[in-house]
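The sequence and its predicted three-dimensional model are supplied below.
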Amino acid sequence: MEKRRTHTSRFTWIVVAVFALASPALGQPALAAEAGRIASITPSCANVGDRVTITGIGFGEEREDRRRHVTIAVDGVPAQVVAATGHSATFIVPAGVRLGPTTVTATNPGGHTGSIAFRLCDLLVPAPWAGEWAITITFRKATTHSVTATDHITAFIRSGEPFGLAGLPKEARCTGSITDEHLEVHCAAHLTPGTCTVDGDVQLAVARLGETLDGSGAFTSRLAGACGPFVSTARTLQVSGLRLSLNPNASDPPVTLLRSFVLDASLFDQVEFTKFAAFNAEVEIERGASPKRDAFEVKSTFTLGTDSKGIDPAIQTVTLQVGTFSITLPAGSFAQDRNGRFKFHGVINGVTLEAEIARLSRNTFKFTAEGRGANLTGTASPLTVAITIGDDGGSTTVSAEFE
């Protein structure tokens, strides 16, 4: 499938620095044995050019005579110290620090050092990347290499602006670097949205060769739990770009290029299933005397998407999500009767379930299910109903009836 989008983008690059500092003892030119410890660093994650303050003891005072001044380095890169007392020192995060976790070190005039952990949050785009770019990103399945989506983007990249990693979930941990000719970023995250657990990993490497961009990357997600229609997936991506002009179009609203690369891509384009073209459902829920005695009834219809290869519930895994409850019927659970309907009746994880899938027309089906002994704790109206059958699926939000 091909998507065309034109919008203004900017590279947003936030730098996470780790700083380790040492301090001279109060009133002494050299550090006392116990004065090398840095008590705190604020903020613990910052960008290139940001001011960061460490606290402790023995940092010295700001003087014109720099030989009597505490020196600070981030990941080995010297930083400018803008203020220092015996108990604190403030410095500016220098350019050249790699993205991700690192160390800040402080050395007092006596040669004693101390250190503390720090993180460079994002990267800043160098001037040679600035301008108006026509960028194409092609997504492929990692297993078959078949194209799943193609994005065409007009991106205005601006010197000194962040790459956009600050917009990622707080659980994401990224490493990488940017030079005049090369960008490399690797981000990983462990997320638990509701009843679903997601382990995600994104890698991207792009080279700037004069007026062109050429790069590649990979995206994987491993899902566990009740994730509705979403399943684990693996994608590769190819990036190509041509600079159209040196105009950064600074008047347009900022939109990070990272969002163009990854976040604007439809989630349904990046997972291994075909979305239903239409999906409607009705739900009734009966509260039990205890959490594992709830009951539910689902009546729904769905139409397969235009890219669907069809369904065969007799040999495919089927999942059903009703609010906070989710159940998986392994492949082979459904049996087809003489009328062509697929039926299941049995017990899965203590839940007694009756389910039926019947064809209404060529690509439209009816799905009904009744369950007893379920745990629907925390489910309230409106709620999400989601169904997957093999690599086809969909979800919808409905107002349920409670008894």
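Yes, it's here.

can you map out the helices along this protein?
257-258, 267-270 (DSSP state H).

Sketch out the low-pLDDT regions of this protein for me.
Residue ranges of the chain with pLDDT under 70: 1-36, 60-68, 164-171, 192-196, 226-230, 248-273.

which ones are touching Leu304?
Thr274, Phe276, Ala277, Gly310, Ile311, Asn363, Thr364, Phe365, Asp392 (C-beta atoms under 8 Å, 6 or more residues apart in numbering). Quick note: C-beta positions are derived from backbone N, CA and C, even for glycine.

Go through these and say which is closest to Gln80.
Nearest to Gln80 among the contacts of Leu304: Thr274, at 54.9 Å, using C-beta to C-beta.

Does that closest one touch Gly305 like I think?
Yes. In terms of C-beta atoms under 8 Å, Thr274 counts as a neighbour of Gly305; the distance is 4.5 Å.

overlap in contacts of these two?
Asp392.

Which one of the two is surrounded by more residues?
Taking other C-beta atoms under 10 Å, Thr274 and Gly305 do not tie; Thr274 has more neighbours (20 against 17).

That one and Asn108: what is the separation?
64 Å (C-beta to C-beta, to the nearest Å).

Now do the strands in the stretch 201-350 of the chain.
Applying DSSP state E, counting those that start in this stretch to the stretch 201-350 of the chain gives strands spanning 212-225, 233-245, 274-275, 278-286, 294-303, 318-322, 325-329, 335-336, 342-348.

Ile387: which of those strands is closest?
When the strands of the stretch 201-350 of the chain are ranked by proximity to Ile387 (C-beta to C-beta), strand 318-322 comes first, at 5.8 Å.

The closest one pairs with which strands, parallel or anti?
Sheet pairing for strand 318-322, assigned by DSSP bridges, gives strand 325-329 (antiparallel), strand 383-389 (antiparallel).

Phe342: which of these is closest?
strand 383-389 (9.3 Å).

could I have the closest one exported to PDB, CA atoms only?
Output of strand 383-389 as PDB, limited to C-alpha atoms (Å, rounded to 0.1, in the frame of the first residue of the first chain):
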ATOM      1  CA  LEU A 383     -15.300  -0.900  26.200                       C
ATOM      2  CA  THR A 384     -13.200  -2.400  23.500                       C
ATOM      3  CA  VAL A 385     -14.100  -5.500  21.600                       C
ATOM      4  CA  ALA A 386     -11.300  -7.000  19.400                       C
ATOM      5  CA  ILE A 387     -11.200 -10.100  17.300                       C
ATOM      6  CA  THR A 388      -8.300 -11.700  15.400                       C
ATOM      7  CA  ILE A 389      -8.700 -14.800  13.100                       C
END
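
which residues touch it?
The contact list for strand 383-389 (C-beta under 8 Å, 6+ apart) reads 228-229, 231, 273, 279, 281, 283, 298, 300, 302, 311, 313, 316-323, 357, 367, 393-398, 400.

any idea how far that strand is from the chain center?
Here strand 383-389 is found 23 Å from its chain centre; the criterion is C-alpha atoms, centre = their mean, to the nearest Å.

Can you check what angle separates it from strand 278-286?
Here strand 383-389 runs at an angle of 120 degrees relative to strand 278-286 (axes from the mean of the first three to the mean of the last three C-alpha atoms, to 10 degrees).

tell me the angle strand 383-389 makes with strand 342-348.
110 degrees.

what's the burial count for His152?
13.

Show the buried residues in the contacts of strand 383-389.
228-229, 231, 273, 279, 281, 283, 298, 300, 302, 311, 313, 316-323, 357, 367, 393-396, 398, 400 (16 or more other C-beta atoms under 10 Å).

mind listing what Arg371 touches?
Heads up, residue 371 is Gly, not Arg. Gly371 touches Ala295, Phe296, Glu297, Val322, Phe325, Ile327, Val351, Thr352, Leu353, Glu354, counting by C-beta under 8 Å, 6+ apart.

same check, this time on Asp294
Ile285, Glu286, Arg287, Gly288, Phe325, Gly373, Ala374, Asn375, Leu376, Thr377.

Tell me which residues touch the closest residue in space to it that isn't next to it in sequence, please.
For Asp294, ignoring the flanking residues on the chain, the nearest one in space by C-beta to C-beta, 6 or more residues apart in numbering is Leu376 at 4.2 Å. Leu376 is in contact with Ile285, Arg287, Asp294, Phe296, Val322, Gly323, Thr324, Phe325, counting by C-beta under 8 Å, 6+ apart.

do that again at 7 Å, thanks
Ile285, Asp294, Phe296, Gly323, Thr324, Phe325 (C-beta atoms under 7 Å, 6 or more residues apart in numbering).

Also Ser146?
Contacts of Ser146 (C-beta under 7 Å, 6+ apart): Arg140.

swap in Ala355?
Here Ala355 is in contact with Phe344, Thr368, Ala369 (C-beta under 7 Å, 6+ apart).

which of the residues you listed are buried?
Phe344, Ala369.

Adding distance to Arg37, write the contacts of Ala355 out as CSV.
Listed next are these as CSV, based on distance: C-beta to C-beta, whole Å:
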residue, distance to Arg37
Phe344, 64
Thr368, 66
Ala369, 61
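
So which of the contacts of Ala355 is the closest to Pro128?
Ala369 (58.4 Å).
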